[in-house]
Each structure stands twice: as C-alpha cells, then as structure tokens.
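Visitor: Structure for the following, please:
(one chain, ligands or ions: 1)
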Amino acid sequence: MKKIKLKIPATVANMVCGFDILGMAIHEPYDEMEITLLETPEIIIKHKDQFKLPEEPSKNVAGIVLLKIQEHLNLTQGFEVVIHKHIKPGSGLGSSAASAAGAALGASILLGNIFSKDEIIHFAMFGEELASGVRHADNIAPCIYGGITLVKSTNPIDIIPLNAPDLFVAAVHPQVEVKTSDSRQILKKNISLKSAIEQWGNIAGLVAGIQKNDFPLIGRSLNDVIIEPIRSILIPKFDEIKMTSLQLGALGGGISGSGPSIFMLAEEKETAEKIAFQMKSVYDEINIESFVYVSKINPGGIEIIEESKQH
Ligand code: HSE
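Guide: Presented below is the predicted three-dimensional model:
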C-alpha cells in the first residue's frame, strides 16, 4: 500500500497590492495530510480536527481535487485522505489552498510523480473553486513552488516563482468571520485609470524589490489603493494594527488573502515578535480572541514528511 504524509504550509495571498496574482508561503501554521492509494476506486476523506468540514468527496476541497484527477486519468484506484487542519478555514491564510494543493501533489507522487507543478496547480484550483467560487492560484502556487510566486495567468497556467527574501512574517488571525466570497462580493468591479497606474507601480516595485532583496523598496511598494480600502472595513482595528506595526519597524503589510488575518513583514525576528505581541494586545483589549504566528518566508512549500511504498 502506498502512503504519503505531507506538511502543508499556510500562505499569504495578494501580498497587499497583488490581488489574485502574488502569494507567499510561510512556516506557521501548517496542515498535516496523510494520503493512501487504494486499489479500489473510492475516495474517503477523514478529518482529525474540530472544524467539521464536509467529508463527502464532492463537497470537500481535497475530495473534489482527487475526483477530478481520478476522472481525468480514468483511474481504477482511489484514495483515503486523513486531514489534520491547523490552518483555520476562513482565516485568510490559505486553508482551502492547503487542502487542495496537498491532495493534488500527494496524488501525483503516489501515482509515480506523474504531474508537472503546473498540472498540480491546475487540479488544485478545482478545490479553490469549490471553496470560494473562483479558480485563483495565488495561495496554491506558493504552496507548490515555495517562497513567493507570481501568477502571471491561470488560463493558461503561467506561474513565475520569485525570490524568497530573508524576511520575517508576523501574522494575526482575529477570531471574526470573513468569508472569501463575501469579501470578493463587496469589491468594485471597475477602477479608475489613476488607481490602476498607482497599483501597477506598486506591484512592479514589489516584484523588483523581492528579486533584488531591496527591503526598503518592498516596504514602499506594500501599498494597495484598490482592495484594502474596501476590505479593511470588515477587519476590526485594521488601521490601528497597521499603523502601530509600521511604528514598531515593519517594512509594510496588510490583509492576508481575503482576511481577516493581517500580516506584516520585518527584517528582524525581534521586530516581528514585537509586532505580533502588539497585534494580539490590540485584540485582547477589545475581547476578540486572536492567534499570532511569527515565521520566515518558507522557501520550500509543501514538505514530504513520510513516504511508504509498501505496507
Ligand atoms: N486572492 C484571493 C482574494 C485570495 O483576495 O480573494 C483568497 O484567499
């Protein structure tokens, strides 16, 4: 019996100005997933966590990915998946992407490394579509490639892996619910040319800064004139957290994915820890429970923890 155990990292999509096109993998939190290749065609999903996610394959993010792979290959084999999620669904830290990317990568390895990275991303996007209604790859791509990725296009899939600068990420997840579908719904469908030009400058500056390890340029470019002003109203204390983080030495940051998590980049671990402490204190003061994470940018993405070819 072939079996694989994966450690799948959280991801920060958008990276402030790069809505739907930029994303980075971090180390904490992460999900654990164990996939076994079955000789019979069924797909079995089991969760070992408290999130009560649906286990029916067609309604489960990992399940739908495996169904699509099975259908594409006319497979007579199936999969049993045991998922232990630590990335809370709806956190804005790429929880659905972790399940989708883990399932697609795991299946590919179990079947003999049959898919390219981009094919894995193609299948994983079915999971994102189920979760949020949109086939976006800005969380999946960094999970698969590691580091920071640019999704130049999803149709055709054209992913550009970028540098993974030696920076620390402080992230806070306040326990308030923000659904990706809702936080996409409220966005304006049209933007002015003036805003578009500003945003293009920021995205190009951010990509250049990442590639050149130019931290001040990264900081100056972490600026979003289109999405953040609208979405931030869904996140309590967003402005205060951002302002204080910058005062404490953050290079910059903003909403992680569609929120409610907020992330900040910092050059030093100590600075990131101070920022994380401050983020938590702000939510403690208003009695909102929150979880904070400090980690480096994760250059490797999904990690294989165990692989057994025979049982
Ligand atoms: N780019 C997506 C969004 C990420 O911001 O809606 C969702 O996780």
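Visitor: Could you measure from Ala10 over to Lys237?
Guide: From Ala10 across to Lys237, the span is 21 Å (CB to CB, to the nearest Å). Where C-beta positions appear, they are placed from N, C-alpha and C, glycine not excepted.
Visitor: the more surrounded of the two?
Guide: Between Ala10 and Lys237, counting by other CB atoms under 10 Å, Ala10 is the more crowded of the two (35 against 19).
Visitor: Any figure for the gap between the more buried one and Met125?
Guide: In terms of CB to CB, Ala10 sits 18 Å off from Met125.
Visitor: Check Ile21 too.
Guide: Ile21 is 14 Å from Met125, by CB to CB.
Visitor: next one: Glu177
Guide: Relative to Met125, and taking CB to CB, Glu177 is found at 24 Å.
Visitor: One more: Ile304?
Guide: 22 Å.
Visitor: the more surrounded of the two?
Guide: Between Ile304 and Met125, Met125 has the larger neighbour count (other CB under 10 Å), namely 25 against 12.
Visitor: dump the residue contacts of the residue nearest to that one when sequence neighbours are not counted.
Guide: Distances taken as CB to CB, 6 or more residues apart in numbering place Arg135 nearest to Met125, at 4.4 Å, with adjacent residues excluded. Shown in contact with Arg135 (CB atoms under 8 Å, 6 or more residues apart in numbering): 125-126, 128-129, 154-155.
Visitor: in the chain, which spans are strands?
Guide: 3-13, 22-38, 43-47, 78-84, 148-154, 157-161, 168-174, 252-255, 262-266, 290-296, 303-308 (DSSP state E).
Visitor: Now do the residue in the stretch 1-150 of the chain that the ligand sits nearest to, the pLDDT please.
Guide: Distances between the stretch 1-150 of the chain and the ligand by CB to the nearest ligand atom are smallest at Ala13, namely 3.9 Å. For Ala13, the model assigns a pLDDT of 98.
Visitor: wait, what's in contact with the residue in the stretch 201-311 of the chain positioned nearest to the ligand?
Guide: Scanning the stretch 201-311 of the chain for the residue nearest the ligand gives Gly257, at 3.5 Å (criterion: CB to the nearest ligand atom). Going by CB under 8 Å, 6+ apart, Gly257 touches 11-14, 92-94, 138-139, 180.
Visitor: With Leu265 instead?
Guide: Applying CB under 8 Å, 6+ apart, the residues near Leu265 are 167-169, 218-219, 222, 250-253.
Visitor: which parts of the stretch 51-200 of the chain sit against the ligand?
Guide: 136, 138-139, 180, 184 (CB under 6 Å from any ligand atom).
Visitor: try it again with 8 Å
Guide: The stretch 51-200 of the chain comes close to the ligand at residues 92, 94, 96-97, 128, 132, 134, 136, 138-139, 180, 183-184, as judged by CB under 8 Å from any ligand atom.
Visitor: from those, which is closest to Gly205?
Guide: Taking CB to CB as the measure, Gly205 lies nearest Asp138 of those, at 18.2 Å.
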